[in-house]
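Engineer: Fold the stuff below for me.
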Amino acid sequence: MSDIAIELGSLSFAYPDGRQALSAIDLRVARGEKVAVVGPNGAGKSTLFLHLNGILRGQGRICVAGVELNDKAVRAVRARVGLVFQDPDDQLFSPTVFEDVAFGPLHLDYPRDEVQERVTRALAAVGMSGHEEQMPHHMSLGERKRIAIATVLAMDPEILVLDEPSAGLDPRARRNLINLLRDLPQTMLVASHDMRLVWDLCPRTVILDGGQLVADGPTATLLQDAALMERHGLEVP
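Structural biologist: Next up is the predicted model:
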């Protein structure tokens, strides 16, 4: 088993209108690392994330959990990568929490007892055991974000990719979410404008700007470099 969870080699991507969204990105993330991906709006963070499970396909090499992404391997790669969107309502659409978390395993035709076990385990991992019969749209934003993470965990991904996980949360829910994510064993890439979350959760940070990877290093070093942060439209926490 490779110690490298994600490896990108000269990854480039241009949208049909000609806008260059990614330019020769080289990145390696070790298994179990939690890495923040920060940068101004339009830097290429979402575009990068959508390459990790083949939703977008650019030029260059993508290797995820030891599997090189190509036409034949898209399904295998998607099974290894769990995407958690900024808005949990993009992922929650069923009448009950149980049905939302069970949707993925049921779609893959797992037997009912295994689906039940996956749902139970995923809800326990996000601290939402006992909420199976609740209606997600009656829950708080922080609770819905936890359930959205559980829907991904039920698929047993090796890698979690989270887009602005703390957006819209009050301080208590935000702190609870950071503690939850810190305790999960998966490799993580986390896009965020919340520099305190980045500081508290991710020992390593990469900065994207204009589709280029402009810095990669210890979070404590990069986030205290005021000139670097200002140059790329970011604030020192």
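
Engineer: partners of the host helix or strand of Leu27 in the sheet?
Structural biologist: Using DSSP states H and E, the element containing Leu27 is strand 20-30. Looking at strand 20-30 with DSSP bridges, its partner strands are strand 4-14 (antiparallel).

Engineer: what sits up against the partner strand?
Structural biologist: 20-33, 47-48, 51-52, 56, 58-66, 158-159, 187, 189 (C-beta atoms under 8 Å, 6 or more residues apart in numbering). Bear in mind the C-beta positions are built from the backbone N, C-alpha and C, glycine included.

Engineer: Quick check on those residues: which are buried?
Structural biologist: Buried subset of the contacts of strand 4-14 (neighbour count, 16 or more other C-beta atoms under 10 Å): 21-23, 25, 27, 29, 31, 33, 47-48, 51-52, 56, 58, 62-65, 158-159, 187, 189.

Engineer: returning to what we had before: which residues does the helix or strand just after the strand holding Leu27 contact?
Structural biologist: Scanning forward in sequence from strand 20-30 by DSSP H and E, the next helix or strand is strand 34-38. Contact partners of strand 34-38, identified using C-beta under 8 Å, 6+ apart, comprise 29, 45, 48-49, 181-182, 187-193, 195, 198, 201-208, 219, 234.

Engineer: let's see 7 Å
Structural biologist: 29, 45, 48, 188-192, 198, 201-208, 219, 234 (C-beta atoms under 7 Å, 6 or more residues apart in numbering).

Engineer: How many residues are close by Val84?
Structural biologist: Neighbourhood size, Val84 [other C-beta atoms under 10 Å]: 24.

Engineer: Would you mind measuring from it to Glu235?
Structural biologist: Applying C-beta to C-beta, to the nearest Å, the value for Val84 to Glu235 is 24 Å.

Engineer: now Asp209
Structural biologist: Taking C-beta to C-beta, one finds Asp209 at 14 Å from Glu235.

Engineer: Between those two, tell me which one has more neighbours.
Structural biologist: Shown here are Asp209 and Glu235; by other C-beta under 10 Å, Asp209 has more neighbours (18 against 10).
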